[in-house]
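Participant: The following block contains a protein sequence and its predicted model.
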Amino acid sequence: MTSATTSTNQAVTFTELGLIPPLLARLTELEYHQPTPIQAQALPSILKGRDLIAGANTGSGKTATFALPLLQEVFSQQNGKKPARADKGNFVSKLILVPTRELAKQVADSIKSYAVHFNGAIKTVAVFGGVSVNTQMQALRGGTDILVATPGRLLDLISSNAIKLDKVQSLVLDEADRMLSLGFTEEISQLLALLPKQKQTLLFSATFPEQVQSLTQSLLNDPVEIQLQSSDASTLVQRVFTVNQGEKTAVVAHLIMKNQWRQALIFVNAKHHCEHLAEKLAKRGISAAVFHGDKGQSERTRVLDGFKSGDIDVLIATDIAARGLDIEKLPVVINFNLPRSPSDYMHRIGRSGRAGEVGLAISLIDHEDYHHFKIIEKKNKIRLEREQIEGFEVDEAAIEELVKASKPMAAPEGTGKKKRKKKAAKAHDGVNADIWLGCSKPD
Ligand code: AMP
């Protein structure tokens, strides 16, 4: 493995990185004045066709890092012309796999936006569950240059011969640690078996737990490795407040009203908690929308679009909203419940403080959360001061007693999921429990 040596502070332009004029023109329009560190480091290697494993903070410009070189490659292969689609069969050239429907749409939209000056020469399609498969089959007719997909829907489309993977030249796993975790193991192995051996593979994620790293090695061929996570460079402030048990709703309502946040994204751990908390906030005069996997796709899209556009001020979501979603200038993320996986903590808080904007991540912990938050801190190599909120003070001595008496949080019980996961873990050597504990398949 080669480690990239470019300094993260090195001033380099997109032109110097070797991008072609139609992309440069678009980046100027988008006011991307300078490559972000991950772009500066990764673009040259990707353009050379190297495999790559990249870890960079969420919101650091990862989508453009893989989208720009892939677009450039397709455009160059086509000599800048729109190919006759019939020649393409139902093949795909560049495949990007993502864990959630919303991320599939977001990534495809970004790629289409970067490609506006290619005058329709490059076809990009997004496929994901929860919407009509027929429309997607139609969109795939004649093949596609770039396909952004969630694994389950892609397998459905392959089994109905709507798309073939034999000619994939580049594979991107966005949110790679999630894609390689147990929730997706079976689907990803099926897809990998259908891909040509000879291809470029690019893995991106904000977090790469150690044991996934060993798993990734089997997927990559002499990869370039780039690790850019840096808490120093972060524009995101993390705070943790100790609260009395049963007071979290009151605290959230208080914080939202007092700070008059333009928007707030609140994470809870179960779908029904979303509705429950929304009802309780409504009683306190705060109107909130909910976002989770039991909602129909049109509702999910409506709510997310409303939140992104600022029509919805408060969104209560499960971890399906934790990954990759780009909500411009989101001022605050609140962990009402702590995520079970320490990696998910990083993904959740990464919804705020993106692209150099100032952001805030708040975690509310009562005595039952104490042990678990310590684990989150340890795994993520952070240490945060426990703070109190005026008007909601806790009795520290009493809390300490309660903490001593309480046990570390266990995985949820009664769904049979734990047993299934244990079984799968055996069959899947090397995957860290940290990654799969409590991760339900989001799509
Ligand atoms: P991502 O990490 O890909 O989700 O990107 C986070 C945000 O950064 C998105 O809103 C991008 O449009 C924006 N972005 C990506 N690259 C750049 C850049 N070089 N300059 C300014 N903004 C960027």
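Facilitator: Yep, that arrived. Numbering: from 1, shown residues only.
Participant: ok, residues contacting the top helix by length along the chain?
Facilitator: Identified as the longest helix of the chain according to DSSP state H is helix 62-77. Outside helix 62-77, the residues that touch it by CB atoms under 8 Å, 6 or more residues apart in numbering are 19-20, 22-23, 32, 36, 38-39, 42-43, 46-47, 54, 56, 93-94, 96, 106-107, 110-111, 114-115, 118, 121-122, 145-146, 169-170, 172, 174, 202, 204, 326. Just so you know, the C-beta spots here come from the backbone N, C-alpha and C atoms, and that holds for glycine as well.
Participant: How about stretch 303-316?
Facilitator: With CB under 8 Å, 6+ apart as the contact definition, stretch 303-316 has outside contacts at 102, 256, 261-268, 273-274, 277-278, 281, 286-291, 295, 321, 325, 327-328, 336.
Participant: which stretches of the stretch 201-350 of the chain have low pLDDT?
Facilitator: 210-211, 229-234 (pLDDT under 70).
Participant: name the element the residue lying farthest from the centre of the chain belongs to?
Facilitator: What lies farthest from the middle of the chain is A397; by CA atoms, centre = their mean that is 39.0 Å. Using DSSP states H and E, the element containing A397 is helix 396-405.
Participant: can you dump the C-alpha coordinates of that helix into PDB?
Facilitator: The C-alpha coordinates for helix 396-405 follow below in PDB (Å, rounded to 0.1, in the frame of the first residue of the first chain):
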ATOM      1  CA  GLU A 396     -23.600  15.200  40.300                       C
ATOM      2  CA  ALA A 397     -23.100  13.000  43.500                       C
ATOM      3  CA  ALA A 398     -26.500  11.300  42.900                       C
ATOM      4  CA  ILE A 399     -25.700  10.800  39.200                       C
ATOM      5  CA  GLU A 400     -22.300   9.200  40.100                       C
ATOM      6  CA  GLU A 401     -24.100   6.800  42.400                       C
ATOM      7  CA  LEU A 402     -26.500   5.900  39.700                       C
ATOM      8  CA  VAL A 403     -23.700   5.500  37.200                       C
ATOM      9  CA  LYS A 404     -21.900   3.100  39.500                       C
ATOM     10  CA  ALA A 405     -25.100   1.100  39.800                       C
END
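Participant: For it, buried residues please.
Facilitator: Neighbour-count burial for helix 396-405, with 16 or more other CB atoms under 10 Å as criterion, is recorded at I399, L402, V403.
Participant: cool, and stretch 370-384?
Facilitator: By 16+ other CB under 10 Å, the buried positions in stretch 370-384 come out as Y370, H372, F373, I375, I376, E377, K379, N380.
Participant: Of these, which is the nearest to the ligand?
Facilitator: Proximity of those to the ligand (CB to the nearest ligand atom) peaks at N380, which lies at 18.5 Å.
Participant: from memory that closest one sits against P342, does it?
Facilitator: Yes: in terms of CB atoms under 8 Å, N380 counts as a neighbour of P342; the distance is 5.4 Å.
Participant: What average pLDDT does stretch 163-176 get?
Facilitator: In this model, stretch 163-176 has an average pLDDT of 95.
Participant: Could you do stretch 58-73 as well?
Facilitator: Averaging pLDDT along stretch 58-73 gives 93.
Participant: Output it as CSV - backbone C-alpha positions only.
Facilitator: Presented in CSV, the C-alpha positions along stretch 58-73 are these (Å, rounded to 0.1, in the frame of the first residue of the first chain):
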residue,chain,number,x,y,z
THR,A,58,-17.6,13.7,6.5
GLY,A,59,-18.5,16.9,4.6
SER,A,60,-14.9,17.2,3.2
GLY,A,61,-15.8,16.9,-0.5
LYS,A,62,-15.6,13.1,-1.0
THR,A,63,-18.3,13.0,-3.6
ALA,A,64,-16.5,15.3,-6.0
THR,A,65,-13.3,13.4,-5.2
PHE,A,66,-14.5,10.2,-7.0
ALA,A,67,-17.2,11.9,-9.2
LEU,A,68,-14.8,14.2,-11.1
PRO,A,69,-12.2,11.7,-12.2
LEU,A,70,-14.9,9.1,-13.1
LEU,A,71,-16.7,11.7,-15.2
GLN,A,72,-13.4,12.7,-16.8
GLU,A,73,-12.5,9.2,-17.7
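Participant: Could you list the domains of the protein?
Facilitator: By the assignment in automatic domain parsing, the chain contains the domains 2-227, 236-394.
Participant: Could you tell me the end-to-end distance of the shortest one?
Facilitator: Across domain 236-394, the straight-line distance between its terminal residues is 26 Å, by CA to CA, to the nearest Å.
Participant: got the angle for the helix or strand hosting K374 vs helix 396-405?
Facilitator: Element membership of K374, judged by DSSP H and E, is helix 370-379. Put simply, helix 370-379 runs at 80 degrees to helix 396-405, going by axes from the mean of the first three to the mean of the last three CA atoms, to 10 degrees.
Participant: ok, then the element right after helix 370-379?
Facilitator: Next in sequence after helix 370-379, counting helices and strands by DSSP H and E, comes strand 386-387.
Participant: Any idea how many residues pack against D313?
Facilitator: Residues contacting D313 under the criterion other CB atoms under 10 Å number 16.
Participant: do the same with D344
Facilitator: If you count neighbours by other CB under 10 Å, D344 ends up with 25.
Participant: Relative to the ligand, how far out is it?
Facilitator: Relative to the ligand, D344 is positioned 17 Å away (CB to the nearest ligand atom, to the nearest Å).
Participant: which other helices and strands contact the helix or strand harbouring that residue?
Facilitator: Here D344, judged by DSSP H and E, is contained in helix 342-349. Using 3 or more CB pairs under 8 Å, 6 or more residues apart in numbering; DSSP states H and E as the contact criterion, the elements in contact with helix 342-349 are strand 332-335, strand 359-365, helix 370-379, helix 433-436.
Participant: Next, format the ones you listed as TSV and append distance to N161.
Facilitator: Formatted as TSV, the entries for the helices and strands packed on helix 342-349 read as follows, by distance: least, CB to CB, whole Å:
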stretch	distance to N161
strand 332-335	42
strand 359-365	45
helix 370-379	44
helix 433-436	33
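Participant: Can you give me the pLDDT of the nearest residue to G246 once chain neighbours are set aside?
Facilitator: When the adjacent residues along the chain are set aside, G246 lies closest to D366, with 7.9 Å between them (CB to CB, 6 or more residues apart in numbering). Confidence per residue is given as pLDDT, and for D366 that number is 93.
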